[in-house]
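1. here is my input, please return the structure:
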Amino acid sequence: MNKQFGRTVSAVALVFILCAFQTNALADSLADQLTHFRIETNDCPDAGCGNFIGASEQQIADFLADDAQRRAAARAMREASSSGGAKKKNGQGLGLGKRNNDAQVVYLDFAGPPAFLVDDQFGLFGEPELVALPAYVYSQAEKDEIQARMEADYEQLNYRFTQSPPGSGDFTTITFYCLDQPCITITPTGGVSILFGRADNIDWRNKNRSDNAFADANFWQFAFLIDPSGGFLSGVTGLPIDPDDPTAALSTAVVNQSANTGAHELGHIIGQRHHDSFGAPGDGLPPSGVPNPAEFFPIFPGDQDAGETFLHLMASGASTGLTLAGSANRDRFFSERATVKNGTAARGRLISEAAATGNSGRVKLHNLVVSNPVLVGENADGRLDVDSITIQGFLDRPGFPNELNDPEVDRYRFRGEAGRFFNAEVISFSDGGVTNPVIGGLTLYYVEGDGSLAPVAANLQTFEPFDPLILDFPLPFDGDYVLEFTAPNLILFPGAAPGEFLSFPLDQTGNAGLRTGDYELLLYIVEGALGSGPKRIPGPRS
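-> As a prediction, the model looks like this:
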């Protein structure tokens, strides 16, 4: 077997396993022993997704130390490459922005190894061990269907997909097999933990044209192997089984999940995060209870009516409550929120902190018209019309350790209308390409008639640390607002108990450098009636 698996499995053992699967009684027995399933959310690196719920202070300290080393190495590599001559056009510009309009090439690599590994800690196949099983082999028709679906998902952007390795230039590879073996783990209690894919990076504005990812659909092959009748596969997907051709349901599950996960991981590569699946805009969090409003600090005060989340590509199991069935029984699509982000990165207005400061901190959100990818939902028949802007800034002066004096405060003033839903997201620590990140918090103020600032919304921590996010805040009044970004000494992370947050000091733990650094601030506003989600996001008159 392939040495990349980290363990060789003899051909005799593999043949024995395959023969054993032909006995339906054994297959039924194996399937019955599996009790619960979890889709892992760590499908992008570092703090961009995943969470630290229940982590200790030492684990946070170790994580920050490892991250600092990785970013320092990346910074040194970038400096070395930039001193070696002229910068390359691709991979060094503004992603899909005005300074680089070349097509992003995406190579779809289906040429996987002949087997995949299952970490059988439960002993489903006998003794607890790594078990090699024959990998799913894609037909050409399946490959073409997956490519067609991904092309449709990225139709509004300048992307070119190919199944042939590009001969030159920068390109992204989406590998359709597990590069993090094993991607299926049977836990000691009979649960199944599944990693469907992973991206190299969260790269807002696609600054690096060579980030890669993988998408692995061998869980459905696993499900079919332990029950060739298709009953187990149908049970976890809801797909009907044709008794004369049970493999048809297997093909459907593989194609759906491969296309969905491929587009999802590619979304991470261009800066998407799991909360970009929440929808429709104005509906707040998913009704699944995942994430819990208490995983935001302060606690998220909005609705939990975003049932359309599970139709969207950036949803995942551990981050939104997406089920196994939702991974494989439908073709998902980008949400309004993800489309706003894609469109802003590709064609939106980008200004510097200095430009805003020179205008007394006042910024204007600009109209952005994008195509509507929503196939089903509140806005399926509407034209998307949003106001957005991205601000590129730098916090260069931390507060004193005793916090008697305020740290540097970056403030941006804008005009808002009552009833419109305001969203603000800092992009810094979550983006692995930011070599000098900052960890901070956001506070939104309403400017009173006497010029004083009244706080109306804030966020220091979300369910996926560390960049703050103000989500779907209904602006209460017409008038001016000020959005403030600052980096206090303490960061918070969720404790094991619901609603519990533990504090972690930066200065006293050698992490004071995370109180200064580069960031981008994405602001956008969509229409909506105060206190309820919009029925439609209206478009401009034609």
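2. make it CA atoms for all contacts and neighbour counts henceforth
-> Fine.
3. can you give the contact residues for stretch 438-457?
-> Among residues not part of stretch 438-457, those counted as contacts by Cα atoms under 8 Å, 6 or more residues apart in numbering are 395, 428-429, 458-461, 466-470, 473, 479-488, 491, 513-519.
4. buried ones in it, by neighbour count?
-> Within stretch 438-457, the residues that qualify as buried are 438-447, 457, counting by 16 or more other Cα atoms under 10 Å.
5. okay, how far is it across stretch 411-421, tip to tip?
-> With Cα to Cα, to the nearest Å as the measure, the ends of stretch 411-421 fall 20 Å from one another.
6. swap in stretch 426-444?
-> Its start and end residues considered, stretch 426-444 measures 13 Å (Cα to Cα).
7. also stretch 160-172?
-> 10 Å.
8. so what touches that stretch?
-> Outside of stretch 160-172, the residues within contact range by Cα under 8 Å, 6+ apart are 90-91, 103-110, 147, 151, 209-213.
9. what mean pLDDT does that stretch get?
-> Regarding stretch 160-172, the rounded mean pLDDT is 96.
10. any idea how far that stretch is from the chain center?
-> When distances are taken as Cα atoms, centre = their mean, to the nearest Å, stretch 160-172 is centred 23 Å away from the chain's centroid.
11. name the residues of that stretch that are buried.
-> Neighbour-count burial for stretch 160-172, counted by 16+ other Cα under 10 Å, picks out 161, 163, 170-172.
12. got it, and stretch 514-530?
-> Within stretch 514-530, the residues that count as buried by 16+ other Cα under 10 Å are 514-528, 530.
13. list the ones among the residues you listed that fall in helices.
-> Among the buried residues of stretch 514-530, no residue falls in helices (DSSP state H).
14. pLDDT score for the residue nearest to the spatial centre of the chain?
-> Nearest to the centroid of the C-alpha atoms of the chain, with distances taken as Cα atoms, centre = their mean, sits R273, at 2.9 Å. R273 carries a pLDDT score of 94 in this model.
15. repeat for K88
-> On pLDDT, K88 comes in at 41.
16. repeat that for the one 5 residues further on.
-> As predicted, G93 sits at a pLDDT of 33.
17. same check, this time on L34
-> Per-residue confidence (pLDDT) for L34: 92.
18. count of residues packed around it?
-> Residues within reach of L34, counting by other Cα atoms under 10 Å, total 16.
19. nearest residue to it other than its sequence neighbours?
-> Sequence neighbours aside, G190 is the residue nearest to L34 in space, at 5.1 Å (criterion: Cα to Cα, 6 or more residues apart in numbering).
20. so which of the buried residues of stretch 438-457 belong to strands?
-> For the buried residues of stretch 438-457, membership in strands holds for 441-447, 457, with DSSP state E as the criterion.
21. of the residues you listed, closest to L130?
-> For those, the minimum distance to L130 (Cα to Cα) is 43.9 Å, reached by G441.
22. do you know how far that closest one is from G48?
-> Taken as Cα to Cα, the spacing of G441 relative to G48 amounts to 16 Å.
23. with T189 instead?
-> Taking Cα to Cα, one finds T189 at 29 Å from G48.
24. more neighbours: which of the two?
-> Here T189 and G48 are compared on neighbour count by other Cα under 10 Å; more neighbours surround G48, at 27 against 13.
25. how about the more buried one, what does it touch?
-> Residues in contact with G48, defined by Cα under 8 Å, 6+ apart, are 202, 273, 429-431, 464-466.
26. if we use 10 Å, what do you get?
-> For G48, the set of contacting residues under the criterion of Cα atoms under 10 Å, 6 or more residues apart in numbering consists of 42, 201-203, 268, 271-274, 427-432, 464-467.
27. can you say which of the residues you listed are buried?
-> The neighbour-count test (16+ other Cα under 10 Å) applied to those identifies 42, 201-203, 268, 271-274, 427-432, 464-467 as buried.
28. take those residues and keep only those in strands.
-> Among those, the residues falling in strands (DSSP E) are I427.
29. sorry, back to before: out of the contacts of stretch 438-457, which are inside strands?
-> Judged by DSSP E, the contacts of stretch 438-457 include 395, 458-459, 469-470, 473, 479-486, 491, 517-519 as members of strands.
30. the residue nearest to the centre of the chain touches F334, doesn't it?
-> No: checked against Cα atoms under 10 Å, the pair R273 and F334 is beyond contact range at 11.8 Å.
31. identify the contacts common to the two.
-> Between them, R273 and F334 have 264, 267, 314-315 as joint contacts when contacts are counted by Cα under 10 Å, 6+ apart.
32. between those residues, which is nearest R78?
-> Closest approach between the shared contacts of R273 and F334 and R78, by Cα to Cα: G267, at 23.7 Å.
33. pull the contacting residues for the closest residue to the closest one other than its chain neighbours.
-> Counting by Cα to Cα, 6+ apart, the nearest residue to G267 once its immediate chain neighbours are dropped is M314, at 7.3 Å. M314 sits next to 260-261, 263-268, 272-278, 320, 332-335, 338 when contact means Cα under 10 Å, 6+ apart.
34. out of the residues you listed, name the ones that lie in helices.
-> 260-261, 263-268, 320, 338.
35. sorry, back to before: going by distance to T247, which of the buried residues of stretch 438-457 wins?
-> I439 (49.1 Å).
36. give me the distance between the closest one and D472.
-> Distance of I439 to D472, computed by Cα to Cα: 22 Å.
37. local confidence estimate at N329?
-> 94.
38. surely it and A253 touch.
-> Yes: between N329 and A253 a contact is recorded at 6.1 Å, counting by Cα under 10 Å.
39. comparing these two, which residue is more hemmed in?
-> Each of N329 and A253 has its neighbours counted (other Cα under 10 Å); A253 has more, 24 against 21.
40. how far away is the residue nearest to the more buried one when sequence neighbours are not counted from A249?
-> Beyond its immediate neighbours in the sequence, the residue positioned closest to A253 (Cα to Cα, 6+ apart) is A328, lying 4.7 Å away. Here the criterion is Cα to Cα. By it, A328 lies 10 Å from A249.
41. please say which of those two ends up with more neighbours.
-> More neighbours surround A328 than the other of A328 and A249, with 27 against 23 (other Cα under 10 Å).
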